[in-house]
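Asker: Build me a structure from this.
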Amino acid sequence: MDSFEIIGTTKDLRTNTDIYYAQISIEDYLKLVGEDFDRFDIQRPRQDYRAYSRMKKDIIDGALLPTITLAINPKEIQSFEKLFSTRDVNSLSAKLLASNSIYILDGLQRTYILNDINKDGFKFKNGQKLLVEFWLEKEIKHLIYRLIVLNAGQKPMSMRHQVELLFITMQDKIQEGIDGLTLISERDESRRSKPKQFPFDRIVVAYYSFITKSAMIKRDNIVVQELNEMEVINSNEDELNQNFTEFLFYLNIYTSIDNETFRIYNHFTDIKVKGPQNWFAEEITITSFFAAISQFATDEKRKERINKALERFLEKLVATEKNIDILALNVLSDIREGISPKKYNVGIETRKILTNGFKEFFREEGESSFEDCWKNGTN
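Answerer: The predicted structure follows:
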């Protein structure tokens, strides 16, 4: 990358994050982010926006685009810091190209357009450059604060999108912190062959449900959704960090539950639910479970109830033989079939039943059967 040049540096004084500004030719930028720059299977699809046609023409005419923001995988930042600080451009360029650790935080749609122009065989103007900024952030709490709070006013980027960006950068660290956890792409969901395999997108919505206290990911009531999100945005950095730490704690337990239920329900044929061994990997289950935790955990005593319920449940699962409907999935299926699609949205009603059922389970510290919890969840 002969065109790569560091042109300045600054610091985010709120989070103490080092930021480096650079300029680079468009051709070298496309090499830097790689052909699979959109490799993460998340909900930030390519946009068909009229203004992008104009942008494409302007780029061909030589227009300078707004700065593109990039981040480096937090676990690898330490190995990059010295190269950035000494401005060893040659070594830095080589390491960046070889690392495959670059994430586009802001500028994906522009990159799509640049890639299209390049694939069309167009030769960019001599000296046509891009401005990029690199955020060197390795602290989880600062990254959470940066992506969720400071970016909150940037439309059309939603909070859901910001959470996805957070999890992209933290994906390796999350997998390393939870024994056996494997995050797979959503398109590989049907290939789940063992427990603790979860589509990446499911873990994203689990955290979103946890921080917004809602299992209604596709909520019709936008006002309620925005109020829930504003509560998160108004949180301070320590609160966000504590929420993230608690989420990982419960995610660890959740994967252990999935491990046991996969064993119990695998090859269980006398069940009305399709693929019962994968029930805890379903989006509706994940969102309801984590929404129930955050809704119920309003104080330390209630958190103790949740922890005791989950501890007892895990012990009971370990002692349970195969082919036993310990989750009362047949009862849950009967309840769901009783929901009138003419009167109710079946998906929304199911999420309510699951969320209320899990809350009932926590309230009773794991002493109630799931059959009773699902029935009480309909009230």
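Asker: where exactly do the helices run in the stretch 201-350 of the chain?
Answerer: Counting by DSSP state H, counting those that start in this stretch, one finds helices in the stretch 201-350 of the chain at the ranges 222-233, 237-265, 283-296, 300-318, 329-337, 346-363.
Asker: Any buried residues in the helix or strand following the last one, and which?
Answerer: Later in the chain than helix 346-363, the nearest helix or strand by DSSP states H and E is helix 370-376. By neighbour count on 16 or more other Cβ atoms under 10 Å, the buried set for helix 370-376 is 370-376. C-beta here means a position set from N, CA and C on the backbone, and glycine is covered the same way.
Asker: Just the pLDDT at the residue located most distally from the centre of the chain, thanks.
Answerer: Distance from the C-alpha centroid of the chain peaks at Asn126, with 39.6 Å (Cα atoms, centre = their mean). At Asn126, the model reports a pLDDT of 91.
Asker: Ok, Arg187 next?
Answerer: You'll see Arg187 listed with a pLDDT of 65.
Asker: Could you do Asn243 as well?
Answerer: For Asn243, the model assigns a pLDDT of 84.
Asker: how much space is there between the nearest residue to it once chain neighbours are set aside and Arg351?
Answerer: Sequence neighbours aside, Ile211 is the residue nearest to Asn243 in space, at 5.7 Å (criterion: Cβ to Cβ, 6 or more residues apart in numbering). Ile211 is 17 Å from Arg351, where distance means Cβ to Cβ, to the nearest Å.
Asker: Tell me the one of the buried residues of helix 370-376 nearest Asp172?
Answerer: When those are compared for distance to Asp172 (Cβ to Cβ), Phe370 comes out closest, at 34.3 Å.
Asker: Identify the residues contacting the residue nearest to that closest one when sequence neighbours are not counted.
Answerer: Spatial nearest neighbour of Phe370, chain neighbours left out: Ala328 (4.2 Å); criterion: Cβ to Cβ, 6+ apart. Ala328 sits next to 369-371, 373-374 when contact means Cβ atoms under 8 Å, 6 or more residues apart in numbering.
Asker: pLDDT below threshold where in the stretch 1-150 of the chain?
Answerer: In the predicted model, the stretch 1-150 of the chain carries pLDDT under 70 at residues 38-52, 140-141, 143-150.
Asker: Go again with 50.
Answerer: For the stretch 1-150 of the chain, the stretches flagged by pLDDT under 50 are 40-44, 49.
Asker: Give me the distance between the nearest residue to Lys129 once chain neighbours are set aside and Ile6.
Answerer: In space, and not counting its chain neighbours, Lys129 is closest to Gln23: 4.6 Å by Cβ to Cβ, 6+ apart. Between Gln23 and Ile6 the distance is 9 Å, computed by Cβ to Cβ.
Asker: mind giving me the domain split of the protein?
Answerer: 5-138, 142-376 (automatic domain parsing).
Asker: just those domains: most buried one?
Answerer: domain 142-376 (a mean of 17; mean count of other Cβ atoms under 10 Å).
Asker: Any idea how far apart the tips of it sit?
Answerer: End-to-end distance for domain 142-376, by Cα to Cα, to the nearest Å: 41 Å.
Asker: nearest to Ile306, of the buried residues of helix 370-376?
Answerer: Cys373 (13.7 Å).
Asker: is it true that that closest one touches Thr355?
Answerer: No: in this structure Cys373 lies outside contact range of Thr355 using Cβ atoms under 8 Å: 10.9 Å.
Asker: wouldn't Thr69 be in contact with Glu133 here?
Answerer: Yes: between Thr69 and Glu133 a contact is recorded at 5.3 Å, counting by Cβ under 8 Å.
Asker: Excluding covalently adjacent residues, which one is nearest to Asp116?
Answerer: Lys56 (7.1 Å).
Asker: what packs against whichever strand or helix holds that neighbour?
Answerer: Following DSSP H and E, one finds Lys56 within helix 50-60. On a contact count with 3 or more Cβ pairs under 8 Å, 6 or more residues apart in numbering; DSSP states H and E, helix 50-60 meets helix 108-119.
Asker: Tell me what angle the helix it packs on forms with helix 50-60.
Answerer: When axes from the mean of the first three to the mean of the last three Cα atoms, to 10 degrees is applied, the directions of helix 108-119 and helix 50-60 differ by 50 degrees.
Asker: partners of the helix or strand following helix 108-119, with directions?
Answerer: Toward the C-terminus, helix 108-119 is succeeded by strand 129-136 as the next helix or strand (DSSP H and E). Paired neighbours of strand 129-136 in the sheet (DSSP bridges): strand 17-25 (antiparallel), strand 68-72 (parallel).
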